[in-house]
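Chemist: Using only what follows, build the 3D model:
(chains A and B)
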Amino acid sequence: MTSIITPEAPSASTAMSASMLASVDVDPKFMKIAHDIDSLLNQLSPSKAVVAPPETQVLEQQLFDALAAVKILTSQVAMHLDRELRQKFFQQLDSLHDVQEWEPGDEPIREASFATFLKAILSINPARRPGLGLSNTGNLVAAWTTGRDRLTIEFQPNDRVRWVLARYRDTDEPARFAGQTHVFDLGEGLAPHHPEHWFSHEERSDEPSQ
Amino acid sequence: MPVDIGDVKGHPVSEQPYQQPPITEAVIEIRFSEPMPTADLAKVSDTFKSTYPHEQIVTDVSVQLYFRHDTQNTAQAKAIEKRGHRRSSPDQTELVLLWPAIFVVSQLAPYPGWDVFFARFQRDWNTWKRAVSYKNISRIGVRYINRIDIPVEGRPVTHEEEFLNVYVHMPDELQPLAAWAVQGQLRLPDMGCKLTLNSSVVPSPLLGHVAFVLDQDIAKDDRPPQNDAEIYKLLNQIRDKKNSVFESCITDKARRLFKP
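Modeler: Reported below is the predicted structural model:
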């Protein structure tokens, strides 16, 4: 008899195949081999334990699971993220997923969208925190407003971003620009439009970002 | 007493050598000889509600294959599913994981330092003991997962040996490596423990960076201590050892990334 443990076994360190073997009559040599193999398995850590699918789809749990996933994802880069900024983002995310305000049919935040957001924020490192929203497919949307000028970025899965900006010059008609790029190229895509206009405090008018 | 010095990002930390420690997860795990019934586990989970308000049910599915040489029907498969309770702080950085035969306390980044983490473990261990009658401990382990993010800065290749002392050595004609992973296990006779060390290339969550993981698991499964004083003593010994293991596995160039 042998025992195979899936690599997704969630305990923090060695798996339990040896203990399973102990429940049946097995040659001690096999027990030793199983124990040695177990101890070499690279286990999932507690933060990556597989969440069981809910028996009934309760909205509150669905929203909590989505929030938990993106907060755990944030912990992966927390050493590079300002503590206050992290807390503010969490407050915004909690607010976006308020059960009382939730519209039926909306999708909670997608983890893959949030991963793209984290990459962008840590790369751009804007001095001003954006307002956050969700698309109806669960993509995170960040918006910066300076006066009437507005920059909106939708963070999509697979490191894709879509941005739209509206900037007023001397007329009442804004100049509008849009782009869709890999998150790595976001800075380059925005550069001709002087993104510091939205990202830095120096450019800020008396109308705060959301 | 923890010394709250605060790091460059404003995280409260107890005294530790780095302002930006690369620890993504720290884990203390106590494993028991006998599992507890599912209903009892749910009750134990409830006792943690005040400190960890959120709960998720987690699952662990494994498969046993039986091959018997004395019958025609040689193979049988049996799926085994275990369910556990993961409780968490609102910001998800503090976790406690309760399996039928395993008690786990985990700290995600930002890492507050050993003193803070250890104090939390002691608090939660006391909660666990109050809720559960004596159980024989079969294993005590501490695991630290570090991810070292290295800015690429225009380099076509990042040489791991500039940052790590644990890596795969390959002949010059087989360079550069797109990915690698190494695992080593050694006994720590002075503590009666075993160290399992994993290191590998992983995707960095940061743009323009490459990342290496340094994952160490130090555990005692041969006559682990059964009383608190000895358990705490062992955990503090493991703490010192994991620090020295980590320092021996990295170079000064890596240390500079963590802002000593």
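Chemist: make it CA atoms for all contacts and neighbour counts henceforth
Modeler: Will do.
Chemist: how about the strands of the stretch 101-250 of chain B, start to end?
Modeler: Ranges of strands within the stretch 101-250 of chain B are B:102-108, B:137-151, B:181-188, B:193-202, B:209-220, based on DSSP state E, counting those that start in this stretch.
Chemist: Strand B:137-151 and the first one, what's the angle between them?
Modeler: Spelled out, it's strand B:102-108. 20 degrees (axes from the mean of the first three to the mean of the last three C-alpha atoms, to 10 degrees).
Chemist: mind checking how far strand B:102-108 is from the chain centre?
Modeler: 8 Å (C-alpha atoms, centre = their mean, to the nearest Å).
Chemist: Poorly predicted segments of chain A, please.
Modeler: In the predicted model, chain A carries pLDDT under 70 at residues A:1-26, A:55-56, A:203-210.
Chemist: Mind doing that once more with 90?
Modeler: Within chain A, the stretches with pLDDT under 90 are A:1-61, A:103-105, A:169-173, A:200-210.
Chemist: Also the stretch 51-200 of chain B?
Modeler: Using pLDDT under 90, the stretch 51-200 of chain B drops low at B:60-82, B:133-134, B:153-160, B:169-170, B:172, B:174-179.
Chemist: residue ranges for the helices of the stretch 151-260 of chain B, please.
Modeler: With DSSP state H, counting those that start in this stretch, the ranges of helices along the stretch 151-260 of chain B come out as B:228-249, B:252-257.
Chemist: Across the sheet, point out what pairs with the residue nearest to B:Val104 when sequence neighbours are not counted.
Modeler: Leaving aside its sequence neighbours, B:Val104 sits nearest to B:Glu29 (C-alpha to C-alpha, 6 or more residues apart in numbering or on different chains; 4.4 Å). Applying DSSP bridges to B:Glu29 gives these bridge partners: B:Val104, B:Gly141.
Chemist: Same question for B:Gly84.
Modeler: With DSSP bridges as the rule, B:Gly84 is bridged to B:Val58.
Chemist: Can you report how many residues lie near it?
Modeler: 25 (other C-alpha atoms under 10 Å in any protein chain shown).
Chemist: B:Ala101 versus that one, what's the distance?
Modeler: 10 Å (C-alpha to C-alpha, to the nearest Å).
Chemist: if we can go back for a sec, kindly reformat the strands of the stretch 101-250 of chain B as JSON lines containing mean neighbour count.
Modeler: Formatted as JSON lines, the strands of the stretch 101-250 of chain B follow (neighbours: other C-alpha atoms under 10 Å in any protein chain shown):
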{"stretch": "strand B:102-108", "mean neighbour count": "24"}
{"stretch": "strand B:137-151", "mean neighbour count": "22"}
{"stretch": "strand B:181-188", "mean neighbour count": "14"}
{"stretch": "strand B:193-202", "mean neighbour count": "21"}
{"stretch": "strand B:209-220", "mean neighbour count": "23"}
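Chemist: Tabulate the ones you listed (JSON lines), appending distance to A:Ser200.
Modeler: Formatted as JSON lines, those follow (distance: least, C-alpha to C-alpha, whole Å):
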{"stretch": "strand B:102-108", "distance to A:Ser200": "31"}
{"stretch": "strand B:137-151", "distance to A:Ser200": "24"}
{"stretch": "strand B:181-188", "distance to A:Ser200": "42"}
{"stretch": "strand B:193-202", "distance to A:Ser200": "33"}
{"stretch": "strand B:209-220", "distance to A:Ser200": "25"}
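Chemist: Among those, which comes closest to B:Cys249?
Modeler: When these are compared by C-alpha to C-alpha, strand B:209-220 sits nearest B:Cys249, at 8.3 Å.
Chemist: returning to what we had before: and B:Lys259, which of the strands of the stretch 101-250 of chain B is closest to it?
Modeler: It's strand B:137-151; of the strands of the stretch 101-250 of chain B, that one is closest to B:Lys259 (C-alpha to C-alpha) at 12.4 Å.
Chemist: which helices and strands does that closest one pack with?
Modeler: strand B:23-32, strand B:209-220, helix B:228-249 (3 or more C-alpha pairs under 8 Å, 6 or more residues apart in numbering or on different chains; DSSP states H and E).
Chemist: hmm, try it at 10 Å
Modeler: In this structure, strand B:137-151 packs against strand B:23-32, strand B:102-108, strand B:193-202, strand B:209-220, helix B:228-249, helix B:252-257, with contacts taken as 3 or more C-alpha pairs under 10 Å, 6 or more residues apart in numbering or on different chains; DSSP states H and E.
Chemist: so how far is chain A from B:Arg87?
Modeler: Using C-alpha to the nearest C-alpha, to the nearest Å, one gets 10 Å for the distance from B:Arg87 to chain A.
Chemist: need the contact list for A:Trp102.
Modeler: Residues in contact with A:Trp102, defined by C-alpha atoms under 10 Å, 6 or more residues apart in numbering or on different chains, are A:59-60, A:63, A:95-96, A:108.
Chemist: Would you mind checking the residues you listed for buried ones?
Modeler: When those are checked for burial by 16 or more other C-alpha atoms under 10 Å in any protein chain shown, the buried set is A:63, A:96, A:108.
Chemist: From the residues you listed, which land in strands?
Modeler: Using DSSP state E, no member of these sits in strands.
Chemist: of the residues you listed, closest to B:Leu95?
Modeler: A:Leu63 (18.5 Å).
Chemist: That closest one contacts A:Ile109, correct?
Modeler: Yes. Using C-alpha atoms under 10 Å, A:Leu63 is in contact with A:Ile109, at 8.4 Å.
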